[in-house]
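A.B. asks: here's my sequence, what's the structure:
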Amino acid sequence: MDTLIVIGFGIAFFALIMVSVALHEIGHMVPAKLFGVRVPRYFVGFGPTLWSTKRGDTEYGVKAFPLGGFVQLLGMYPPRQDGKRRRTRLAEFADSAREVEWEDITPDDVANERLFYQKKTWQKLVVMAGGPVMNLLIAFFLLLGVTAGYGAVRAQTTIAYVQACVITDTTRTECAASDPASPAAQAGLQVGDRVVSFNGVTITSYDQLSGLIRANLDGEARLVVERNGAEVTLTPVHTVVNSVADTLDPGTTVQAGWLGVSPQRELVKGGPVEVIGDMWTLTKQSAVALVQFPVRVWHVVTDMVTGQPRSPYDPISIVGASTVAGQVVASGDVGWPAKAATFFSLLASVNLFLALFNFLPLPPLDGGHIAGALYEGARRRLAKLFGRRDPGFFDTAKLLPVAYAVGGLLLVSGVALILADIISPVQLF
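C.D. replies: Below you'll find the predicted structure:
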């Protein structure tokens, strides 16, 4: 029965990701149409067409392989600028791609400025940013629904656990007679204490307290707590430098200040301010993951080949994310409200990651087109400022070799992750 639940909700999650992809492409299409760009095709999926219909000058449809989608904006490549420069293989390659696109372009399209390259810089930016912004909005409203309707588990400034000692031997978890007392135990911290201040700084959240402890390294720590309704100044101690999880990369550890406490965690409802804060934290963590993406994919492949277990912090494909979502729903440890909250929070996280990923300034990603538009706008503005001849449109076709290289890398990485998610899936429970 659990297997059927994992499969069923995994498929449902996959379908919702495809809906997110379809909305991403709508985020490009709507402003493009508003600015007068001709949009010949809007499709969900790739490969052979399963169904399509034409409305106005746009064909809408669904293709056989639901692993993405696309919207065709006519005129992404400006016409070739004939000059006296020697024709190179790169130029010939760009021209061949340009010729394919220009087969769909009519004289009326050029005369009526219905081509993407003819639009103003700000309009290009709006069109290309529209897709990732759509994913950001999806993530925001999903998280808002979860946070406002169900709540989010948040660490409190009240202490739930005080570790008795500093364990230097990583092979054990219990204290030995030779282990020194933890700074928290030396200070006299007790379960139920609410931390009021740390080294004179008033504490308003556990994240703030954790940051202060980490930054304190092995310095003196002076704590004031609220105990049984009264403020108590504890014995000054020194925090110790220990290996703790990196806040931006939880799968790794860093050397930082350590006190030896764990906070109480409560389910707290919130609104837009809390959601924006959560999204900012996820954004910083996702940025670290994106920088490390090629290396992490390589580690996933080598672990799969050598039979090593997957880490829950490994990158996963859409297939892997769908499997994890199914595992969450199939878990019997929590009730259905908590399962639904986790399910939609995971969907929000995927949308946030898709947005950030597409903002990378690399063709063929949206960020690559945004970078091209900014470059074009900057050099035309500088030319005008210095009284020089308008350099014209930036020829994005020249970036096609980079686009193919990046696309190839993403394809190989995607296939590798899908295989890893099938052969050695991440197990949360």
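
A.B. asks: centre of the chain to stretch 89-103, how far?
C.D. replies: Distance, stretch centre to chain centre, for stretch 89-103: 34 Å (C-alpha atoms, centre = their mean, to the nearest Å).

A.B. asks: show me what counts as buried in that stretch.
C.D. replies: For stretch 89-103, burial by neighbour count (16 or more other C-beta atoms under 10 Å) applies to 94, 95, 97, 98, 102. The C-beta positions use only the backbone N, C-alpha and C, and glycine is treated the same way.

A.B. asks: now swap in stretch 160-177 and tell me
C.D. replies: 162, 163, 165, 166, 167, 175.

A.B. asks: equivalent analysis for stretch 327-336, please.
C.D. replies: 327, 328, 329, 330, 331.

A.B. asks: residue contacts, the second one?
C.D. replies: Shown in contact with residue 328 (C-beta atoms under 8 Å, 6 or more residues apart in numbering): 9, 339, 342, 343, 346, 428.

A.B. asks: the stretch 51-200 of the chain: helices as residue ranges?
C.D. replies: For the stretch 51-200 of the chain, applying DSSP state H, counting those that start in this stretch gives helices covering 89-102, 107-111, 121-149, 183-187.

A.B. asks: on contacts alone, who are the packing partners of the third one?
C.D. replies: Where contact means 3 or more C-beta pairs under 8 Å, 6 or more residues apart in numbering; DSSP states H and E, helix 121-149 is packed against helix 2-34, helix 272-291, helix 336-358, helix 366-385.

A.B. asks: what's the angle from it to helix 336-358?
C.D. replies: Relative orientation of helix 121-149 versus helix 336-358 (axes from the mean of the first three to the mean of the last three C-alpha atoms, to 10 degrees): 160 degrees.

A.B. asks: looking at the helices of the stretch 51-200 of the chain, which is nearest to residue 58?
C.D. replies: helix 107-111 (13.8 Å; C-beta to C-beta).

A.B. asks: in that closest one, what's buried?
C.D. replies: The neighbour-count check on helix 107-111 (16+ other C-beta under 10 Å) flags residue 109 as buried.

A.B. asks: could you pull up the mean pLDDT of it?
C.D. replies: The average pLDDT for helix 107-111 rounds to 91.

A.B. asks: who touches that helix?
C.D. replies: With C-beta under 8 Å, 6+ apart, helix 107-111 has contacts from 38, 74, 75, 114, 115, 118.

A.B. asks: and of the buried residues of stretch 89-103, the nearest to residue 45?
C.D. replies: Residue 45 has its nearest neighbour among those in residue 97, at 22.7 Å by C-beta to C-beta.

A.B. asks: let's see the pLDDT reported for the closest one.
C.D. replies: 76.

A.B. asks: any weak-confidence spans in this protein?
C.D. replies: Within the chain, the stretches with pLDDT under 70 are 1, 82-88, 90, 428-429.

A.B. asks: tell me the domain boundaries of it?
C.D. replies: 1-34+115-151+269-429, 154-268 (automatic domain parsing).

A.B. asks: among the ones you listed, which comes closest to residue 47?
C.D. replies: domain 1-34+115-151+269-429 (13.9 Å).

A.B. asks: thinking again about what came up before, just put the helices of the stretch 51-200 of the chain in TSV and tack on distance to residue 236.
C.D. replies: Converted to TSV, the helices of the stretch 51-200 of the chain look like this (distance: least, C-beta to C-beta, whole Å):
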stretch	distance to residue 236
helix 89-102	67
helix 107-111	75
helix 121-149	38
helix 183-187	8
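
A.B. asks: which of those sits closest to residue 382?
C.D. replies: For residue 382, the closest of the helices of the stretch 51-200 of the chain is helix 121-149, at 12.8 Å, according to C-beta to C-beta.

A.B. asks: what's the neighbour count on residue 273?
C.D. replies: Counted with other C-beta atoms under 10 Å, the neighbours of residue 273 add up to 8.

A.B. asks: kindly report the same for residue 305.
C.D. replies: Neighbours of residue 305 (other C-beta under 10 Å): 11.

A.B. asks: hmm, residue 418 and residue 300 touching each other?
C.D. replies: No: checked against C-beta atoms under 8 Å, the pair residue 300 and residue 418 is beyond contact range at 10.9 Å.

A.B. asks: between the two, which one's more packed in?
C.D. replies: Ranked by neighbour count (other C-beta under 10 Å), residue 300 and residue 418 place residue 300 first, with 26 against 16.

A.B. asks: quick one: residues contacting residue 346.
C.D. replies: Neighbour list for residue 346: 13, 321, 324, 325, 328 [criterion: C-beta under 8 Å, 6+ apart].

A.B. asks: the last one and residue 310, how far apart?
C.D. replies: Meaning residue 328. The gap separating residue 328 from residue 310 is 16 Å, by C-beta to C-beta, to the nearest Å.

A.B. asks: now the first one
C.D. replies: Separation of residue 13 from residue 310 (C-beta to C-beta): 18 Å.

A.B. asks: give me the more crowded residue out of the two.
C.D. replies: Set residue 13 next to residue 310 and count neighbours by other C-beta under 10 Å: residue 13 wins out with 24 against 18.

A.B. asks: excluding chain neighbours, what is closest to that one?
C.D. replies: Of all residues not flanking residue 13 in the chain, residue 325 sits nearest, at 3.8 Å (C-beta to C-beta, 6 or more residues apart in numbering).
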